[in-house]
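K.L.:
with the input below, show me the fold.
(chains A and B)
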2 protein chains.
Amino acid sequence: MTGQTTYADWIAVDWGTTHLRAWAMVGGQPKAEATSADGMGTLDRDGFEPALLRLIEPWLGGTKIRVVACGMVGARQGWVEAPYVSVPAQPSQLGPVPAPCQDPRLDVLVVPGLSQSEPADVMRGEETQIAGFLAQMPDFDGVLCLPGTHAKWARISAEEVVSFQTCMTGEMFQLLADQSVLRHSVSGKDMDAEAFAEAVDDTISKPERLAQRLFSLRAQNVLHGLGAAQARGRLSGYLIGAELAATKPYWLGQDVAIAGSPALAAAYEAALKQQGVVPRVFDAGPLTRAGLARVYAALTENA
Amino acid sequence: MTGQTTYADWIAVDWGTTHLRAWAMVGGQPKAEATSADGMGTLDRDGFEPALLRLIEPWLGGTKIRVVACGMVGARQGWVEAPYVSVPAQPSQLGPVPAPCQDPRLDVLVVPGLSQSEPADVMRGEETQIAGFLAQMPDFDGVLCLPGTHAKWARISAEEVVSFQTCMTGEMFQLLADQSVLRHSVSGKDMDAEAFAEAVDDTISKPERLAQRLFSLRAQNVLHGLGAAQARGRLSGYLIGAELAATKPYWLGQDVAIAGSPALAAAYEAALKQQGVVPRVFDAGPLTRAGLARVYAALTENA
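P.N.:
I've put the predicted structure just below:
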């Protein structure tokens, strides 16, 4: 690439704790994609610009290009702190924060996360997924669930996040399934759907029994030969059931949408259907990029 | 040590997943103690006898000596499988199982664990602590709580364990405090007692909120500067509160005793007192050895 050639209009960046992903964008469409393992958790403050350049150098021309980034790159330990914006807030209009750059070709803006004072809660990265969801569904009035390591439930109305709540369900599952005494009983990847459904019901109807049910998976395996797929399905069901018990004020009687990886979204869909809620399901895959495009477009409109 | 000299009458052994502890015993009293890190989890089946000999060789004389061992040494992956005995059962009369020995000086017996078919539950090692507790309190009729990695609650009557229940509270605490996103917010060892008490109450009164409360510790730290001792106290309180919610049928209106390490037993005592239960508190330290002595004495009486 030489002189004034412009390969892309702008660059979208999803920068989490463990991953870095960039797209060369023309308008709202990706022309190229690149990823690396240079997550925020692995970098010192002066390591961010070189890590980004290693990825996007081939897309740069002779002129300055705008880069819009979201995720943990804006945390206190990130490239630049982009302070949380308090809800209610419109996730495509959060006022991205410029990051200090040495290279004159870079104009990097970092999207802030959202905070809620009471009950205390924070998100960083998911606000951009929500912006992407709203680009598809601008009139959505209801609750959006983003399952994952730290699952988010967000009340949305008039393109604003009104309130939200986080559950550590994915992280708890990984810790218990991979590292606790239960790891001997839930090995493999298979999950029994019936065992999952029973466990969801058990926890929602008697959430006070959760602490006892977990070790029981191990005992049922040892004494009664409970299979790994059954035990894994139950463990997932107990934890997602506990999440649904905690988020009942969010989903009960609401218009609910789920945006997640297909397998996880299907599990949440099944659990909610058992409770009489029929959610709409979206693939979370393209949402971050779509949200960054929405933020970029808003910056251009507002300029 | 030479010829017919007998240094000890018998040897008591507490053999868990991560530790091995032996006492040279004269009657019910220890004359010497030795420990190593040769836990069951680190040994192949033919590694148990050498690991024991490395520890007790100095205590052996020219004659055969009885060794009574309890804990994971009797698991399927242990020295010899000592199959679970189903409750109701008297923990000092479980019929220890001989372990195969090459050395003619050794006569090793392994105490079985207890099982309960429904709700499925198992214990290995704690049955011997209970035998030690009953050596002190033979007329106890109530519920004994053994807090720890896998906390046990046992209904005891007429020197028998009638039923029991396990909660993975200690293991959950370690995983969340050391490895989850909460590790940034609960560092150090201090725990605020008031934060602990509030969290216990919160979880017992609204157990369905647990999944939401955990991440909130992180958010309160980030947004409102919640201190590490407060956050650690709350995390402990949420989890012990969840355990008390799950074990309410055990402790409500019962005569309750707690046997644990002093700090942990004090936390459970405080939590139960908030619920109107005044437990008697015992130091668990000497219970395993006392239980092994009770088993040894029963073998001698029954011989």
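K.L.:
tell me which element A:G170 falls in.
P.N.:
Using DSSP states H and E, the element containing A:G170 is helix A:169-179.
K.L.:
now that helix - C-alpha only, CSV.
P.N.:
Written as CSV, here are the backbone C-alpha positions of helix A:169-179 (Å, rounded to 0.1, in the frame of the first residue of the first chain):
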residue,chain,number,x,y,z
THR,A,169,-22.8,-18.2,35.6
GLY,A,170,-20.3,-19.1,32.8
GLU,A,171,-17.3,-18.5,35.1
MET,A,172,-18.8,-20.6,37.9
PHE,A,173,-19.6,-23.4,35.4
GLN,A,174,-16.0,-23.5,34.2
LEU,A,175,-14.5,-23.4,37.7
LEU,A,176,-16.8,-26.2,39.0
ALA,A,177,-16.6,-28.4,35.8
ASP,A,178,-12.8,-28.0,35.3
GLN,A,179,-11.3,-27.6,38.7
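K.L.:
just checking, what packs against the helix or strand following that helix?
P.N.:
Counting by DSSP H and E, the next helix or strand C-terminal to helix A:169-179 is helix A:193-205. Contacts defined by 3 or more CB pairs under 8 Å, 6 or more residues apart in numbering or on different chains; DSSP states H and E place helix A:193-205 against helix A:210-224, helix A:228-246, helix A:262-274. In short, each C-beta sits where N, CA and C put it, glycine included.
K.L.:
just put these in CSV and tack on mean pLDDT and mean neighbour count.
P.N.:
As requested, these are arranged in CSV below (pLDDT from 0 to 100; neighbours: other CB atoms under 10 Å in any protein chain shown):
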stretch, mean pLDDT, mean neighbour count
helix A:210-224, 96, 22
helix A:228-246, 98, 25
helix A:262-274, 97, 18
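K.L.:
possible to save the ones you listed as TSV with distance to A:L134?
P.N.:
Shown next, in TSV, are those (distance: least, CB to CB, whole Å):
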stretch	distance to A:L134
helix A:210-224	34
helix A:228-246	23
helix A:262-274	18
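K.L.:
run through who's touching the helix or strand containing A:R294.
P.N.:
Using DSSP H and E, A:R294 sits in helix A:287-302. For helix A:287-302, the surrounding residues in contact (CB atoms under 8 Å, 6 or more residues apart in numbering or on different chains) are A:10, A:12-14, A:23, A:25, A:27-28, A:30, A:66, A:68-70, A:91-94, A:96, A:109, A:111, A:125, A:127-136, A:259.
K.L.:
output that helix as PDB, restricted to C-alpha atoms.
P.N.:
C-alpha atoms of helix A:287-302 as PDB (Å, rounded to 0.1, in the frame of the first residue of the first chain):
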ATOM      1  CA  LEU A 287     -23.100  -8.000  17.200                       C
ATOM      2  CA  THR A 288     -19.800  -6.400  18.400                       C
ATOM      3  CA  ARG A 289     -18.800  -5.400  14.900                       C
ATOM      4  CA  ALA A 290     -22.300  -4.100  14.100                       C
ATOM      5  CA  GLY A 291     -22.200  -2.100  17.300                       C
ATOM      6  CA  LEU A 292     -18.800  -0.600  16.500                       C
ATOM      7  CA  ALA A 293     -20.200   0.400  13.100                       C
ATOM      8  CA  ARG A 294     -23.200   2.000  14.800                       C
ATOM      9  CA  VAL A 295     -20.800   4.000  17.000                       C
ATOM     10  CA  TYR A 296     -18.700   5.000  14.000                       C
ATOM     11  CA  ALA A 297     -21.700   6.200  12.100                       C
ATOM     12  CA  ALA A 298     -23.000   8.200  15.100                       C
ATOM     13  CA  LEU A 299     -19.600   9.900  15.400                       C
ATOM     14  CA  THR A 300     -19.800  10.900  11.700                       C
ATOM     15  CA  GLU A 301     -23.400  12.100  12.000                       C
ATOM     16  CA  ASN A 302     -22.600  14.100  15.200                       C
END
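K.L.:
pull the distance from it to the chain's centre.
P.N.:
Averaged C-alpha coordinates place helix A:287-302 at 17 Å from its chain's average position (CA atoms, centre = their mean, to the nearest Å).
K.L.:
also stretch A:112-129?
P.N.:
Worked out by CA atoms, centre = their mean, stretch A:112-129 lies 11 Å from the chain centre.
K.L.:
most centrally placed residue in chain A?
P.N.:
A:E126 (4.7 Å; CA atoms, centre = their mean).
K.L.:
for that one, which non-adjacent residue is spatially closest?
P.N.:
For A:E126, ignoring the flanking residues on the chain, the nearest one in space by CB to CB, 6 or more residues apart in numbering or on different chains is A:K152 at 4.9 Å.
K.L.:
on the three-state scheme, that neighbour is what?
P.N.:
strand (DSSP: H, G, I helix; E, B strand; the rest coil).
K.L.:
which of the contacts of helix A:287-302 are buried?
P.N.:
Buried members of those, scored by 16 or more other CB atoms under 10 Å in any protein chain shown, are A:10, A:12-14, A:23, A:25, A:30, A:66, A:68-70, A:91-94, A:96, A:109, A:111, A:125, A:127-135, A:259.
K.L.:
so how far is chain B from A:L210?
P.N.:
Distance of A:L210 to chain B, given as CB to the nearest CB, to the nearest Å: 6 Å.
K.L.:
which residues does that residue contact?
P.N.:
Contact analysis of A:L210 by CB under 8 Å, 6+ apart lists A:203, A:238, A:242, B:207, B:210, B:242, B:246.
K.L.:
at 10 Å what do you get?
P.N.:
A:L210 makes contact with A:202-203, A:238-239, A:241-242, A:245, B:167, B:207-208, B:210-211, B:242-243, B:245-246 under the criterion CB atoms under 10 Å, 6 or more residues apart in numbering or on different chains.
K.L.:
now A:T149: closest residue in space, sequence neighbours ignored.
P.N.:
Closest to A:T149 by CB to CB, 6+ apart is A:G170, at 4.0 Å.
K.L.:
low-confidence regions, the stretch 1-150 of chain A specifically.
P.N.:
A:1-5 (pLDDT under 70).
K.L.:
what is the burial count for the residue in it that chain B sits nearest to?
P.N.:
Here the stretch 1-150 of chain A gets closest to chain B at one residue, A:A120, 4.0 Å apart by CB to the nearest CB. Using other CB atoms under 10 Å in any protein chain shown, A:A120 is surrounded by 19 other residues.
K.L.:
what of A:D190?
P.N.:
Here the number of neighbours of A:D190 (other CB under 10 Å) works out to 12.
K.L.:
residue contacts, it?
P.N.:
A:227-230, A:232-233.
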